[in-house]
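# got a structure for you, letters missing:
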């Protein structure tokens, strides 16, 4: 994790994160998965909203109006 914090290269960060996930999956028996079910109500012309939220944050970076 110290090396990950010091790495700015996206490909290098992805490789380090993949290595961390492998270590966690091999060292620990239990893996907890969670996806917050959220009923989203929006105008039909809005595109990019999540059906369910993998995090408690509301990510609007890809939301747009339909043409």
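That came through, no problem. As the structure is a computational prediction, the values presented were derived from the model and not from experiment.

# for the protein, what spans make up the helices?
2-6, 10-27 (DSSP state H).

# Please convert those to a markdown table, extending it with mean pLDDT.
Output for the helices of the chain, formatted as a markdown table (pLDDT from 0 to 100):
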| stretch | mean pLDDT |
| --- | --- |
| helix 2-6 | 90 |
| helix 10-27 | 90 |
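
# Export those helices as TSV, with columns for mean neighbour count and distance to residue 60.
C-beta coordinates here come from the backbone N, C-alpha and C atoms, glycine included. Listed next are the helices of the chain as TSV, based on neighbours: other C-beta atoms under 10 Å; distance: least, C-beta to C-beta, whole Å:
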stretch	mean neighbour count	distance to residue 60
helix 2-6	10	27
helix 10-27	11	22
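
# tell me the contacts of the residue lying farthest from the centre of the chain?
In the chain, residue 67 marks the outermost C-alpha relative to the chain mean, sitting 27.3 Å out by C-alpha atoms, centre = their mean. Residues near residue 67 by C-beta atoms under 8 Å, 6 or more residues apart in numbering: none.

# Off-centre distance for stretch 38-47?
Using C-alpha atoms, centre = their mean, to the nearest Å, the mean C-alpha position of stretch 38-47 is found 20 Å from that of the whole chain.

# Start and end of it, how far apart?
End-to-end distance for stretch 38-47, by C-alpha to C-alpha, to the nearest Å: 16 Å.

# What mean pLDDT does that stretch get?
Mean per-residue pLDDT for stretch 38-47: 81.

# And stretch 60-67, by the same measure?
Taken as a whole, stretch 60-67 carries a mean pLDDT of 84.
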